[in-house]
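Q: the following comprises the amino acid sequence and a computationally predicted model.
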Amino acid sequence: MEKRKQLASKLKTTSGSGAPAPLQSAIVSTAGKPPRAQPARARRPPTSDVQAEGGEIIAVGDESEDEWIEVDDDYRAIDEAEKIDMDDEMSEPSLGLGDGQNDNEFEEVRSIEMPKKEGKRKTTQVTDGKAKVKRTRAKRSECWKYFKEVKAVSKKRPGEVVKKAKCLHCFELFAYGGGSTTSLNRHKDACPIILNKKAKLLRQGTIGFDPEKPGASLIVNNEYDHEECRKIIAKMIIVHEYPFRMVEHAWFNILMNYMNASYKFIGRKTIRAECMKVYLSEKEFLKKQLRSVESISLTCALWTSNQNLCYLALVAHYIDDEWNMQSRVLNFIELDPPHSGNIIAQAVFECCQEWKIEDKIMTMTMDNASSNDVAATNLTGRFKARKSAKFIPKYFHVRCCAHIINLIVNDGIAPLEPLIGKLRETVKYLKKSPLRMKNFRVVCDSLKVDVEKGLCLDVSTRWSSTHRMLDASILYREALDEYAQQDPNYKWQPTDQEWTLYGRMQPILKAFAEVTTVLSGSNYPTANIFYPYIMNVKIAVNTHAVQSNDENLKAMGKAMLDKFDKYWDSTYTENGNDSERNKRKVKNNVMVIATILDPRFKMKLVDYCFKQLYGREKGMREAEDIKAEFFDLYATYEVENRQKEAANSNEQSASSSRNQATSMSTLSGFQSFLEETNTEPCQSELTSYLEDKTHPMADRNFKIVDWWRLNAHRYPVIAKIARKFLTVPATSVSSESTFSTGGRVLDDYRSSLRPKMVEALVCAASFIKGSKDNYMRPTIPTQDDSDDDVEFIPFPDSSVVSN
């Protein structure tokens, strides 16, 4: 008895903050039941169990609610007690507990748990540089479906780390030393949240419908999972670009608690860490998907944020196993200066190594900057040095067609700048005064000019809108001449020579406007979509400019065609020698081959366009060169396909010979005769594809990947070529839209975050959108948003002047 009093007096001096604590429980014999563990909360304070001499348990001490804090794997506190904030900020402090300076408040404990797939778990503890391996049995108690083992640190005794059992439903912490689970089972049978959930499971489920799978039904589970809810909120913040502080807003928490009373408050630091976990999880999942992808095309672009940080966006385009076109932002990294071609090439190659896709790269689309030309040459040498049979150097560097068209359009509209400037000022002049618009309406009515279309004002950076302004203004040519006679302040009347020049160039400008509409669409155009439009531009330039009687117009047309040929030539080195003697300049016909792989066009579009562009004889020679190149490409893939089929047939014949014995000794050579004759088909697969009937052009619902999904069994070799060439993007719009102001992907808030967090948010948004939404790029561009880049100025409803 005297020893018990001495032990109790010692505990009084060590419990709590040093103040004596009263003795709260009687001495219990070890022959009875162990004392019930109490949850760590203020209303029912836990007790400290100490074993005295003689095997008796003394429960002494008074621990407050905040004595134990749950920590994560990095021994940082779980942030679930932050205050609700009404501010709408996107702050970016460190990912630890509290501010950056307090991240090292908790002492690190060096222990690593390595769970086995089944059976026992092995725990390695490092103490004084010596590793001790201890095997523990897997938890098989029923209560562990409702609890999980966590680590907790003591506020009052820094450095002390203990195991606790956390209820997955009410989130209470219970004492657990690795032995008995009686107290946990008691809580499981008494926890009101667990009992309510069990009662809900006994009710009839609700039948709902999955929006991602039309026609499929599912049973809605009413059980609330807080961890899954936190994960969904993190994905919502990533995809919709919400600030991290949104989870602390008062009305967001009011809404979440109204939707489910079991919802627990989530702080901005917790949700930021959850966003990083989502990014890493989605990244690993994408890596597994890319293992089965045969070919990948890249787009790359650079951009400088408002924080003067240069970012490099690398986007991958590929076709998955189910013939769905996919596009993912692989990396969005900060690029250190200088931004030379070699630095860009090194960054891109390191990203490819990180994703392990070095031997799967087909093409890379970049703009026409000189540094990108150096980067393309450097990367061509790196990928060629890997000696991959799938890499073809002459197809690697694809120049961004949007930049080429922009350069050519600027040269083409240079003679029309006086007319464009006068029409732009005319529309502004009439728009400023309702009286002027009314007077102009009177002039139009007197000349019987249709005013339904109205005037429109262009956006100077969008060429398609400038064409719409010119096209609309030419209808009011006579009205403008008449109005200039009545209004002495009007000084921007176009001359007859300017109108005549526009009439001659109108077909060329219309062709440019069509291709610009395709390139500026929200869906990224692939090579097979773009080539017919670009050929239409070349034919229009050749017909209405090069073959014109006007010498100035003819010179302009030749300059435009020369620029086309200049930017679509590529230089690559043969035999690994970098000397100028071994460098050849060839045309990159990747877009032409992609067009042949479109069942609506095949070789017939190439034959037609070349005859229109070069004449009959030269057009036939150019088409034969393209056809020969395509046949050589097909022969390469056919040999590879035969080798695979031969390897598979040898395996099948070897297995059948082991399982079956034949008595037909007289026909022993018949099998080899069949193999020889079967490898000589009457008509090759490529010839059959080219001679088959083309798909109707009028089919507005046509999707090229759907067609190849259904016909891959008919043309297996050509289908492999289609997987590579149909993914080649014609522009670098997919990379540039990552930090486009219009796209709102990287706005002012996100550009102020740390580069690692910016990459996580941008890439994770691409991963999540790609996995949920199957972006099927249309083969025929839509023009639903064509009116967004012009401002229409309607005329007044009535031209009657009041008295």
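A: That came through, no problem.

Q: going by C-alpha atoms from here, please, whenever you check contacts or count neighbours.
A: Noted.

Q: list the buried ones in the helix or strand hosting T377?
A: Following DSSP states H and E, one finds T377 within helix 370-385. The neighbour-count check on helix 370-385 (16 or more other CA atoms under 10 Å) flags 371-381, 383-384 as buried.

Q: so for stretch 300-313, mean pLDDT?
A: Per-residue pLDDT over stretch 300-313 has a mean of 81.

Q: output that stretch as PDB, nothing but the C-alphas.
A: In PDB, the C-alpha atoms belonging to stretch 300-313 read as follows (Å, rounded to 0.1, in the frame of the first residue of the first chain):
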ATOM      1  CA  CYS A 300       5.800  22.800 -77.100                       C
ATOM      2  CA  ALA A 301       5.600  26.500 -76.300                       C
ATOM      3  CA  LEU A 302       7.200  29.000 -74.000                       C
ATOM      4  CA  TRP A 303       5.500  31.800 -72.000                       C
ATOM      5  CA  THR A 304       6.600  34.400 -69.400                       C
ATOM      6  CA  SER A 305       4.300  35.000 -66.500                       C
ATOM      7  CA  ASN A 306       3.600  38.300 -64.800                       C
ATOM      8  CA  GLN A 307       6.100  37.200 -62.200                       C
ATOM      9  CA  ASN A 308       8.800  37.200 -64.900                       C
ATOM     10  CA  LEU A 309       9.100  33.400 -64.800                       C
ATOM     11  CA  CYS A 310       9.400  31.600 -68.000                       C
ATOM     12  CA  TYR A 311       7.400  28.400 -68.300                       C
ATOM     13  CA  LEU A 312       7.600  25.600 -70.800                       C
ATOM     14  CA  ALA A 313       4.400  23.700 -71.600                       C
END
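
Q: got the buried residues for it?
A: C300, A301, L302, W303, S305, L309, C310, Y311, L312, A313.

Q: among those residues, which ones are in strands?
A: C300, A301, L302, W303, C310, Y311, L312, A313 (DSSP state E).

Q: between those, which is closest to V717?
A: Distances from V717 to these, taken as CA to CA, are shortest for C300 (29.7 Å).

Q: near the residue nearest to that closest one when sequence neighbours are not counted, how many other residues are there?
A: Of all residues not flanking C300 in the chain, L314 sits nearest, at 4.9 Å (CA to CA, 6 or more residues apart in numbering). When neighbours are counted by other CA atoms under 10 Å, L314 registers 27.

Q: the one 4 residues further on now?
A: Using other CA under 10 Å, the number of residues around Y318 comes to 26.

Q: next: N701.
A: N701 has 9 nearby residues by other CA under 10 Å.

Q: shouldn't it be within a strand?
A: No - counting by DSSP: H, G, I helix; E, B strand; the rest coil, one finds N701 to be coil, located in no strand.

Q: distance of it from K602?
A: Taking CA to CA, to the nearest Å as the measure, N701 falls 19 Å from K602.

Q: what's the helix holding T377 packed up against?
A: helix 341-355 (3 or more CA pairs under 8 Å, 6 or more residues apart in numbering; DSSP states H and E).

Q: quick one: average pLDDT of the helix it packs on?
A: 94.

Q: do the same with stretch 610-623
A: Rounded mean pLDDT across stretch 610-623 is 87.

Q: can you check stretch 645-653 too?
A: On average, stretch 645-653 scores 64.

Q: got the confidence number for the nearest residue to Y279 once chain neighbours are set aside?
A: Nearest residue to Y279, sequence neighbours excluded (CA to CA, 6+ apart): A764, at 4.9 Å. Per-residue confidence (pLDDT) for A764: 93.

Q: residues near A764, how many?
A: 27.

Q: I figured it hits E284, correct?
A: No - A764 is beyond contact range of E284, at 11.2 Å (criterion: CA atoms under 8 Å).

Q: for burial, what's the neighbour tally of Q493?
A: 18.

Q: same question, E160
A: Neighbours of E160 (other CA under 10 Å): 13.

Q: re the thing from before, enumerate every residue touching the residue nearest to Y279.
A: I238, V239, V278, Y279, E282, K283 (CA atoms under 8 Å, 6 or more residues apart in numbering).

Q: ok, so of the residues you listed, who is nearest Q612?
A: V239 (47.5 Å).

Q: I figured K164 hits E172, correct?
A: No - taking contacts as CA under 8 Å, K164 lies outside contact range of E172: 9.6 Å.

Q: so the two - more neighbours on which side?
A: K164 (25 against 16).

Q: before we move on, back to that, sec struct for the residue nearest to Y279, please.
A: A764 ends up helix, using three-state DSSP.

Q: how much space separates it from H544?
A: 49 Å.

Q: cool, K231 as well?
A: 60 Å.

Q: just Q493 next, same as before
A: For Q493, the distance to H544 - CA to CA - is 26 Å.

Q: repeat that for L519.
A: 23 Å.

Q: and these two? Which one has more around it.
A: L519 (23 against 19).

Q: the more buried one and A402 touch, don't they?
A: Yes - taking CA under 8 Å as the definition, L519 is a contact partner of A402 at 6.2 Å.

Q: joint contacts of the two?
A: Common neighbours of L519 and A402 (CA under 8 Å, 6+ apart) are T731.

Q: show me the contacts for C170.
A: C170 touches C191, I193, counting by CA under 8 Å, 6+ apart.

Q: list the contacts of the residue nearest to C300.
A: Counted by CA under 8 Å, 6+ apart, L314 has contacts L298, T299, C300, A301, V329, L330, N331, F332, V348, S735.

Q: so it bridges to which residues?
A: Beta bridges link L314 to C300, N331 when assigned by DSSP bridges.

Q: state the distance from it to C763.
A: 10 Å.

Q: could you do M560 as well?
A: M560 is 39 Å from C763, by CA to CA.

Q: okay, the two: which has more neighbours?
A: Applying other CA under 10 Å to M560 and C763 shows that C763 carries more neighbours, namely 27 against 23.

Q: pretty sure that one sits against L330.
A: Yes - C763 lies in contact with L330 (CA under 8 Å); the separation is 6.4 Å.

Q: joint contacts of L314 and C763?
A: V329, L330, N331, F332.

Q: could you check the pLDDT of the last one?
A: Taken from the predicted model, the pLDDT recorded for F332 is 91.

Q: quick one: it and M236, what's the gap?
A: The value you get for F332 to M236, if CA to CA is used, is 20 Å.

Q: compare these two (neighbour count), which wins?
A: Shown here are F332 and M236; by other CA under 10 Å, F332 has more neighbours (25 against 15).

Q: using CSV, write out every CA atom in stretch 363-383.
A: The C-alpha atoms that make up stretch 363-383 are tabulated as CSV, following Å, rounded to 0.1, in the frame of the first residue of the first chain:
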residue,chain,number,x,y,z
THR,A,363,6.7,14.5,-84.1
MET,A,364,7.0,17.7,-82.3
THR,A,365,5.1,20.9,-83.3
MET,A,366,6.6,24.3,-82.4
ASP,A,367,6.4,27.8,-83.7
ASN,A,368,8.8,29.4,-86.1
ALA,A,369,11.2,31.0,-83.6
SER,A,370,14.9,30.5,-84.4
SER,A,371,15.6,28.9,-80.9
ASN,A,372,12.9,26.3,-81.7
ASP,A,373,14.7,25.4,-84.9
VAL,A,374,17.9,24.8,-82.9
ALA,A,375,15.9,22.8,-80.3
ALA,A,376,14.3,20.6,-83.0
THR,A,377,17.7,19.9,-84.6
ASN,A,378,19.2,19.0,-81.2
LEU,A,379,16.3,16.7,-80.3
THR,A,380,16.4,15.0,-83.7
GLY,A,381,20.0,14.0,-83.0
ARG,A,382,19.1,12.8,-79.5
PHE,A,383,16.2,10.6,-80.6
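
Q: which stretches of the stretch 101-250 of the chain have low pLDDT?
A: Low-confidence segments of the stretch 101-250 of the chain, defined by pLDDT under 70: 101-137, 201, 203-222.

Q: where exactly do the helices run in the stretch 351-500 of the chain?
A: Secondary structure of the stretch 351-500 of the chain (DSSP state H, counting those that start in this stretch): helices at 370-385, 401-412, 417-432, 434-446, 463-473, 477-486, 496-519.
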